[in-house]
Structure formats: structure tokens, C-alpha cells
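Chemist: I need the structure of the sequence given here:
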Amino acid sequence: MSTHEIIDLLEDAIDIIDQLEGVLQRLKPGDNITPGVIYQLYNSLVLLREKIIVARIKVSSSLTPSQD
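Modeler: Have a look, this model is predicted:
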């Protein structure tokens, strides 16, 4: 595990958050939300969760002492 890998995962997570924010900013109260927009939001959340979990696993595995 390298710091570079974790930083890349966190950068990807920030990009996904930016995408979510962009979609949400375009929505206005009373707008009909299409299934495509709902899918886009859901897909982005799943990808974001995946990036966070992978980063957490990499960090926790580097903090756990190896047991030989």
C-alpha cells in the first residue's frame, strides 16, 4: 500500500462528490426527477462508497502489524 494509491482513491472520491453536487445543483424544487437521473445519482453513490471502502481497507491493512 502506498500513500499515492490512497491519495488517488480519495481524489476519485472527491471527483464523484463533485459530480453528485453538479447533478443536485441542477435540480429545482418541484422538478420531475427522471429514472435516468435517479440511476446516475445511485451509481455515483455506489462508486463513492466503493472508493471509500477500498481506501479504508488499504489504510487499515497498513496499520495492522503483520503476523508471521
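Chemist: secondary structure element holding the residue sitting nearest the centre point of the chain?
Modeler: Nearest residue to the geometric centre of the chain (Cα atoms, centre = their mean): L48, 1.6 Å. Assigned by DSSP states H and E, L48 falls within helix 35-63.
Chemist: so what does that helix touch, helix or strand wise?
Modeler: Judged by 3 or more Cβ pairs under 8 Å, 6 or more residues apart in numbering; DSSP states H and E, helix 35-63 is in contact with helix 3-26. In short, each C-beta sits where N, CA and C put it, glycine included.
Chemist: so for the helix it packs on, what's the average pLDDT?
Modeler: The average pLDDT for helix 3-26 rounds to 93.
Chemist: now it: buried residues?
Modeler: Residues of helix 3-26 classed as buried: 6, 9, 12-13, 16, 19-20 (neighbour count, 16 or more other Cβ atoms under 10 Å).
Chemist: can you tell me which of these is nearest L41?
Modeler: Comparing the buried residues of helix 3-26 against L41 with Cβ to Cβ picks out L20 as the nearest, at 6.6 Å.
Chemist: that closest one contacts L41, correct?
Modeler: Yes - in this structure, L20 is within contact of L41 by Cβ atoms under 8 Å, at 6.6 Å.
Chemist: JSON lines for the buried residues of helix 3-26, including distance to I53?
Modeler: Shown next, in JSON lines, are the buried residues of helix 3-26 (distance: Cβ to Cβ, whole Å):
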{"residue": "I6", "distance to I53": "12"}
{"residue": "L9", "distance to I53": "10"}
{"residue": "D12", "distance to I53": "12"}
{"residue": "A13", "distance to I53": "10"}
{"residue": "I16", "distance to I53": "13"}
{"residue": "Q19", "distance to I53": "18"}
{"residue": "L20", "distance to I53": "17"}
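Chemist: ok, of the residues you listed, which one's closest to V59?
Modeler: Within these, proximity to V59 (Cβ to Cβ) peaks at I6, which comes in at 6.4 Å.
Chemist: shouldn't the residue nearest to the centre of the chain be in contact with A13?
Modeler: Yes - here L48 reaches A13: they are 5.7 Å apart, a contact under Cβ under 8 Å.
Chemist: pLDDT at the residue nearest to the centre of the chain, what is it?
Modeler: pLDDT, L48: 96.
Chemist: fine, thanks again, bye for now.
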